[in-house]
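Undergrad: kindly generate the corresponding structure for this input.
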Amino acid sequence: MRSRPQPPRRGNTRDALTVSCPTTDPHQIGEHVTSTGSSAEQPAPESAARDSGATSDPAGEAKGGGPLGIAKRVVQAVVGIGLAAFLLGWVLPWLTHTSWSEILHEMARLGWAKALLLFAMMMAGLYCYTFTLSASLPGLKHIPALIVNLCGSGVSNSMPGGGAVGVAAQYAIFRSWGFSHRNIGTSLIITSIWNLLVRAILPLIAIVWLFASGTTNLPHQLVIGVWGAVGVATVMVGLAVGILASDKGAHAIGRGLDKVVRPVLRLFKRDTDQDIEAIAVDIRSRVIGVVRPGWQRLTFGIVGFLGIYFFLFRECMLAFGIDLPWPQAFACYALSRLLTMVPLTPGGIGVTELAALLMIAFGAGHAAALASVVLFAVYSHILEIPLGMLSAAAWAATRKFYYVGQEEGPDEGPQRGIPAFH
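TA: The predicted structure follows:
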């Protein structure tokens, strides 16, 4: 049942939270999606920022700061799309010793039945991720969670480094449904942490599975890369668990990071006034009340999403006659998900397909390997762009139906430095 809309209370902006996260998939949404209703009924983030005394908000930042900002976004998009086309059109065929005529010949083998099966698996994975979103934002139901996720993915996958713009669009959509600034910010932080942790663990699972299966003839570069990823994953998991486990741990880790981060910021002449210890403690205080009762749903959603996408990845391989053992197939998938963290091109297109090289190293055919990763990119990235447009239309048509009308706290304003991750 919808509540009567409540205008946000006036207050001061909270300290900025800066959580730097790479953008990709699950999971991590035009240039900016704005509210179109009455400002009195659905206050936009910009007006709420003015009411609360805030100087900026994610939605406003997505606009890019005037003509120069818009020009910068256009240049980024053109360069990113050009780079993706160059990587897919020339670099990858050269690296895999194949050609697009051979790749298209392979893809012509794909029938409608297989294409529809892959689409159904894609939608099942995306729906599974709504459990993570709804668990991170109390009051969010599964259908609106799917809508906002597809809107964010559509924007994120359409430009290099589009995760920040996508998150700003998600923020604006959440606000149009009446969710409070603080709850939205907390949700974005939680989903970013869960995405990073689970994705970082994938290479560890892959290497353990490969060794357990008796695979010993691994490429030397793969072993070095995977152990590097395992080291990063270990550090990330340790920091996250340490911060969330206790208030004392959050203070200790914050002080340690403060000593490391400040000299780096000073070296690059960036703002050194941010208190990392205070940020760590504030993150814990914000997320612990949601994580404790909802960690099962948070984990089920992201694990289910990435798990179903692994089966989607393997079905793309089988479509072209590549039937690698399960551990090797998972290693190729884990590498492709790891490469989504390289924000050079829209949605990582042209970069994630480098997983075809590992597939070939395991014995797959050159043209079939590249065709399979291109097909997977169609379902994991490209199709999310038109689906994002359809979801934006669905949001515009149903926004009042999903309005929840949460009240703001006395010190809440638009959150700044919201993490960007799909």
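Undergrad: top helix in this structure by residue count?
TA: In the chain, taking DSSP state H as the definition, the longest helix is helix 276-318.
Undergrad: list the buried ones in the following helix or strand past that helix?
TA: Using DSSP states H and E, the next helix or strand after helix 276-318 towards the C-terminus is helix 326-339. By neighbour count on 16 or more other Cβ atoms under 10 Å, the buried set for helix 326-339 is 327-339. All C-beta spots, glycine's among them, are computed from the backbone N, C-alpha and C.
Undergrad: now stretch 359-373
TA: Buried-residue list, stretch 359-373, by 16+ other Cβ under 10 Å: 359-362, 364-373.
Undergrad: now stretch 295-314
TA: Buried residues in stretch 295-314 (16+ other Cβ under 10 Å): 297-306, 308-310, 312-314.
Undergrad: can you pull the contacts of the nearest residue to F330 once chain neighbours are set aside?
TA: Excluding its sequence neighbours, the residue lying closest to F330 (Cβ to Cβ, 6 or more residues apart in numbering) is A206, at 5.5 Å. By Cβ atoms under 8 Å, 6 or more residues apart in numbering, A206 lies in contact with 226, 327, 330-331, 333-335.
Undergrad: next one: F119
TA: 379, 383.
Undergrad: cool, and Y402?
TA: Y402 neighbours (Cβ under 8 Å, 6+ apart): 141, 143-144, 177.
Undergrad: farthest-separated two in these?
TA: Pairwise distances across the contacts of Y402 peak at 11.7 Å for I143 and W177 (criterion: Cβ to Cβ).
Undergrad: tell me the helix or strand right after whichever strand or helix holds the residue nearest to F330.
TA: For A206, the host element (DSSP H and E) is helix 181-212. Counting by DSSP H and E, the element after helix 181-212 in chain order, helix or strand, is helix 220-245.
Undergrad: which of the contacts of Y402 are buried? Put it as a ChimeraX command.
TA: A single ChimeraX command suffices to select whichever of those are buried according to 16+ other Cβ under 10 Å:
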select :144,177
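Undergrad: any idea which of the contacts of Y402 is the one closest to D275?
TA: W177 (32.3 Å).
Undergrad: number of residues surrounding V198?
TA: 22 (other Cβ atoms under 10 Å).
Undergrad: check contacts around it.
TA: 299, 302-303, 306.
Undergrad: pretty sure Y403 is touching R175, no?
TA: No. Assessed by Cβ atoms under 8 Å, Y403 is found out of contact with R175, at 10.7 Å.
Undergrad: in terms of neighbours, single out the busier of these two.
TA: R175 (24 against 19).
Undergrad: pretty sure the more buried one contacts I184?
TA: Yes. Between R175 and I184 a contact is recorded at 6.9 Å, counting by Cβ under 8 Å.
Undergrad: pretty sure P327 contacts I207?
TA: No. Look at P327 against I207 with Cβ under 8 Å: they stay out of range, at 9.5 Å.
Undergrad: ok, back up a step: which of the contacts of A206 has the weakest pLDDT?
TA: Scanning those for pLDDT, the low point is V226. It has 67.
Undergrad: ok so, going back, got TSV for the contacts of V198, with pLDDT and distance to I382 too?
TA: Compiled in TSV, the contacts of V198 are given as follows (pLDDT from 0 to 100; distance: Cβ to Cβ, whole Å):
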residue	pLDDT	distance to I382
T299	92	28
I302	95	22
V303	95	24
L306	95	19
